[in-house]
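Student: fold the following, please.
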Amino acid sequence: MYEYFRAADRHAAVVKPDYPRAVEKPLPGIPAFDAVETKWIIPSDSLAQLIALIRNVPYADDLVQTVDLYPPPDGAPKTDEEWDALPEDSPYFVGPGIEELPADVRDTLADVPDARLVELGEQWAAGDDSFLPRSDPRELSTLIAELRDLARRARRED
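Tutor: Numbering: from 1, shown residues only. A predicted model of the protein is given here:
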């Protein structure tokens, strides 16, 4: 499962990382986020495919380059011995993982006009099956609109 959300800054993004970001009613003591929940929109795969379609460029593995925020990369084990010493339930093994999308990806999503939503949903649904399960183009168009609207709110709040 992937949740796309906006946060005030990197610190706010990683507060209580084990709790979902996309919730209808926030829990007491848990920060509330403006979020879109997806089940299969992986930044480096399916989101990168969407970004390629929006930009009308070929898909590339490095089209969406994220910054790892959690677990903190500076605390990651550096040797095989350090990895072996981690408990099985370490977030470095099982997550959650929190990544920051670059501003150019945010802006690409934010700039999608309404007139392209149906076209993009159809193109994305017809794309490489390794990225998306069989999907209804209308559902994908709706998801693109949700991601676009989230990106617009994020850009507006910088």
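Student: check which residues of stretch 148-158 are buried.
Tutor: By neighbour count on 16 or more other Cβ atoms under 10 Å, the buried set for stretch 148-158 is 148, 150-152, 154. All C-beta spots, glycine's among them, are computed from the backbone N, C-alpha and C.
Student: likewise for stretch 44-64?
Tutor: Using 16+ other Cβ under 10 Å as the test for burial, stretch 44-64 gives 45-54, 63-64.
Student: so which of those residues comes closest to residue 101?
Tutor: residue 64 (6.9 Å; Cβ to Cβ).
Student: give me the phi and psi for the closest one.
Tutor: Torsion angles at residue 64 (phi, psi; degrees, to the nearest 10) stand at phi -120, psi 100.
Student: biggest separation within the buried residues of stretch 44-64, which pair?
Tutor: Greatest spacing in those, by Cβ to Cβ: 45 and 54 (15.4 Å).
Student: what residues are up against residue 32?
Tutor: Counting by Cβ atoms under 8 Å, 6 or more residues apart in numbering, residue 32 makes contact with 23, 26.
Student: phi and psi next, for it.
Tutor: Main-chain torsions, residue 32, degrees, to the nearest 10: phi -100, psi 140.
Student: residue 20 versus that one, what's the distance?
Tutor: Here the criterion is Cβ to Cβ, to the nearest Å. By it, residue 32 lies 11 Å from residue 20.
Student: and if you look at residue 126?
Tutor: Separation of residue 126 from residue 20 (Cβ to Cβ): 31 Å.
Student: out of the two, which sits in the busier spot?
Tutor: residue 20 (15 against 12; other Cβ atoms under 10 Å).
Student: for the more buried one, grab phi and psi.
Tutor: With angles defined as degrees, to the nearest 10, residue 20 sits at phi -60, psi 150.
Student: ok, it touching residue 5?
Tutor: No: if you go by Cβ atoms under 8 Å, residue 20 and residue 5 don't touch, sitting 9.6 Å apart.
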